[in-house]
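Visitor: structure of the sequence below:
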Amino acid sequence: MCKPSDASASVSAAEAAKQCQDVPPNETNANQALAQDNLRKGTLYGSLSLALVIAGFSLTMPHLQSRRDALECDSLCYGSMTSARSALSLIGGFAISRLSDSDTSLLARTVGRGSGRKACLYIGTIASVVGLIIGGMTFSIRGMWLSMIPGALFQQNFNVLKSLLADLHHASEESKSTSSAATSGTAAARAASVGKLGMSLGLSFMFGPLMGATLIKSFDQAVLFAIVLTVLSMLMVARLPHATKSDSVSTSRPSENSAKVESSKSGILSFLDVKAARTPSALFLMSVRVCMALAFHIFMTIWTVSLKERFDFGPSDHGKFMSFIGLTYALSQGVVAKRIVKPLGNKGRIRVIQLCCLALGIGRYFAFHTSSLTAVYVLFSFIITALGVLNTILTGDTATLASPEEVGGLYGVLESVESVAGMVGPVAGGALALIDPIGAPLVAVVGLYFAVLLLVSFGYEKLILTRHAASVKKDV
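Guide: Down below sits the predicted model:
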C-alpha cells in the first residue's frame with residue numbers, strides 16, 4: 001500500500017499520485033501474499049497451541065474433584081481457591097498481556113527472539129507445566145493451592161493469542177489496496193480468526209474431560225498426558241509467525257508518539273499506562289463485559305443446585321452437559337459467528353448483538369423454570385450459541401480500539417475487569433439468594449442482560465463501529 005512520506009507533503013497531488021504509481025506491483029503483491037500467509041499460519045498454529053494446552057488442563061478435571069473429595073476440600077475450601085485464582089488472574093491477566101505488547105524488552109529479545117507475544121506464550125505454557133508437576137508430586141490441600149498459582153498468574157495464552165491475531169490482521173489490512181479495505185470484510189475476517197480460537201477452546205473442553213473420565217484411570221496418568229500435550233503446545237508456539245509492529249500507527253499520530261517517548265521515562269508507570277483503556281470506547285466495552293460476567297457468576301450460584309434438585313444430576317450427567325456446551329460453543333464461534341457477521345453491515349451487527357442479549361437473558365430464565373431436561377438442552381443450545389457469537393463480535397471489535405503497541409494491554413485490562421466480576425459475582429449471588437433463593441438472582445441476571453441490551457442499542461454504533469470504520473479508512 002502506497003502512502004506518501006511526510007517529506008513529500010508539499011508536492012502537488014499529481015506528483016504524489018505518481019509516487020504511489022512508482023511502487024513495483026510485484027513487491028506489493030509479495031507483501032500481501034506474505035501477510036496473508038502469516039495470518040493463516042498464525043490462526044492455525046495459534047488455535048492448535050490453545051487447543052493442546054486447554055486439553056491438557058481439562059484432562060485432569062474429572063480426577064480433580066475426586067482428589068478434592070479425598071483431601072476433604074469442602075465448598076469453603078474450593079470457593080476460597082476460586083476467589084484466589086480470580087485475584088491472581090486479575091494481576092497476571094493485565095501484566096502478561098501488557099508485557100506482550102513490547103518487542104524490545106529483555107524478555108522479548110531472549111525468550112521470544114524479538115517477539116513479546118511469543119515470549120509470553122512460552123511463559124504461559126511453562127507455567128502450566130510447573131503447575132501440573134506440583135500437583136502431581138503433592139497430595140495435600142497446600143499442594144493444590146501451590147499448583148494453582150503458576151497458571152493463574154502466567155497462563156494468559158488466550159488473551160495473548162487474540163493480541164497476536166490482531167497484529168497479523170493489522171499487517172494484512174495495511175498490505176492491501178484501497179479497493180479491498182472494507183469495514184464489513186475486516187470485521188468478518190477478524191470474527192473468523194477469533195472464532196477459530198474459540199472453537200479450539202470449546203472442542204478442548206468437550207473432548208478433554210470426556211477422555212480423562214473414560215481413558216485415563218488416575219490423576220497421575222492425567223498429569224503425565226497433560227504435560228505431554230502442553231509441551232506439544234509449546235512446539236506450536238515456536239511455529240507462530242512474528243507480526244512486526246507497523247510504524248504507520250505511530251507516524252500517523254505524532255502527538256501520541258511523542259507522549260509515548262515521554263512516558264517511557266517513567267518505567268513502571270509507563271508499563272501500567274494503557275491509554276487505549278481510558279478511551280470512552282474501551283470504558284463502554286468494560287461496562288458490557290462486567291454486566292455479562294456478573295450475570296454469568298450470579299446465575300451459576302443457583303444453576304448447579306437447581307440441576308441436582310430438578311433432574312438429580314450426577315457426575316456423568318454433568319460431564320455430558322459440559323461436553324454438549326463445549327461442542328455448541330465451538331460451533332458457534334468457529335462456524336456460526338463468521339457466517340452471521342460477514343453479510344451484515346453495522347446496523348445488522350447491532351441487531352445480532354441485541355438478539356444475543358435477549359437469548360441470554362430470557363433463555364436462562366426459562367431454562368431454570370422448565371421441568372424437561374430436553375427443553376434445558378434445547379434452550380442452552382440457543383444460549384451458548386448466542387454467547388459464542390456475542391463474544392466473537394466483541395473480541396474482534398476490541399482489537400480495533402488500540403494500536404498494536406497497546407492491544408495486548410487492552411485485552412489484559414478487560415480480563416482483569418472480568419476477574420473482579422468473578423470475585424464479586426458469587427458473593428452477590430449468595431446475598432441475593434438470602435432475599436429470595438430463586439427469584440432475586442434470576443431477576444438480577446435478566447436485568448444485567450437487559451442493561452447490556454440498552455448499552456448496545458444506544459452506544460455501540462457511536463463508540464465502537466464508528467471508530468472501527470474510521471480506523472479502516474485511515475489505514476487505506
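
Visitor: so which strand or helix has Pro426?
Guide: Element membership for Pro426, per DSSP states H and E: helix 407-435.

Visitor: in the next helix or strand after that helix, which residues are buried?
Guide: Next helix or strand after helix 407-435 toward the C-terminus (DSSP H and E): helix 439-455. Neighbour-count burial for helix 439-455 flags 440-442, 444-446, 448-453, 455 (criterion: 16 or more other C-beta atoms under 10 Å). C-betas here are computed from N, CA, C, even on glycine.

Visitor: quick one, helix 439-455 and helix 407-435 angle?
Guide: For helix 439-455 against helix 407-435, the angle by axes from the mean of the first three to the mean of the last three C-alpha atoms, to 10 degrees is 150 degrees.

Visitor: who are the packing partners of helix 439-455?
Guide: helix 280-311, helix 346-369, helix 407-435 (3 or more C-beta pairs under 8 Å, 6 or more residues apart in numbering; DSSP states H and E).

Visitor: now do the last one, average pLDDT.
Guide: If I follow you right, that is helix 407-435. Mean pLDDT, helix 407-435: 82.

Visitor: do the second one as well
Guide: With pLDDT averaged residue by residue, helix 346-369 scores 90.

Visitor: and if you look at the longest one?
Guide: Per-region confidence: helix 280-311 scores 88 on mean pLDDT.

Visitor: so what does it touch, helix or strand wise?
Guide: Applying 3+ C-beta pairs under 8 Å, 6+ apart, one finds that helix 280-311 contacts helix 315-331, helix 346-369, helix 373-398, helix 407-435, helix 439-455.

Visitor: compute the inter-axis angle for that helix and helix 373-398.
Guide: Going by the same axes, to 10 degrees, helix 280-311 makes 170 degrees with helix 373-398.

Visitor: now helix 280-311: buried residues?
Guide: 281-282, 284-286, 288-299, 301-303, 306-307.

Visitor: in a markdown table: the helices and strands packed on helix 280-311, plus distance to His170.
Guide: Shown next, in a markdown table, are the helices and strands packed on helix 280-311 (distance: least, C-beta to C-beta, whole Å):
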| stretch | distance to His170 |
| --- | --- |
| helix 315-331 | 26 |
| helix 346-369 | 20 |
| helix 373-398 | 12 |
| helix 407-435 | 8 |
| helix 439-455 | 27 |
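
Visitor: and those helices: which comes nearest Cys77?
Guide: Comparing the helices and strands packed on helix 280-311 by their distance to Cys77 (C-beta to C-beta), the top pick is helix 407-435, with 14.4 Å.

Visitor: the closest one - contacts with which helices or strands?
Guide: Using 3+ C-beta pairs under 8 Å, 6+ apart: helix 407-435 touches helix 75-99, helix 157-175, helix 280-311, helix 373-398, helix 439-455.

Visitor: mind doing that once more with 10 Å?
Guide: Contact partners of helix 407-435 among helices and strands, from 3 or more C-beta pairs under 10 Å, 6 or more residues apart in numbering; DSSP states H and E: helix 75-99, helix 116-137, helix 157-175, helix 280-311, helix 373-398, helix 439-455.

Visitor: for Ala277, give me the pLDDT.
Guide: Ala277 carries a pLDDT score of 78 in this model.

Visitor: contacts only, for the nearest residue to it once chain neighbours are set aside.
Guide: Residue nearest to Ala277 in three dimensions, not counting chain neighbours: Val413, with 4.3 Å by C-beta to C-beta, 6 or more residues apart in numbering. Residues near Val413 by C-beta atoms under 10 Å, 6 or more residues apart in numbering: 93-94, 97-98, 274, 276-278, 282, 285-286, 289, 402, 406.

Visitor: how does it look with 8 Å?
Guide: When contacts are counted by C-beta atoms under 8 Å, 6 or more residues apart in numbering, Val413 touches 94, 97, 274, 277, 282, 286.

Visitor: would a markdown table of those with distance to Leu390 be doable?
Guide: Below are those laid out as a markdown table (distance: C-beta to C-beta, whole Å):
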| residue | distance to Leu390 |
| --- | --- |
| Phe94 | 23 |
| Ser97 | 21 |
| Val274 | 24 |
| Ala277 | 21 |
| Ala282 | 18 |
| Met286 | 15 |
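
Visitor: I appreciate the help and will end here.
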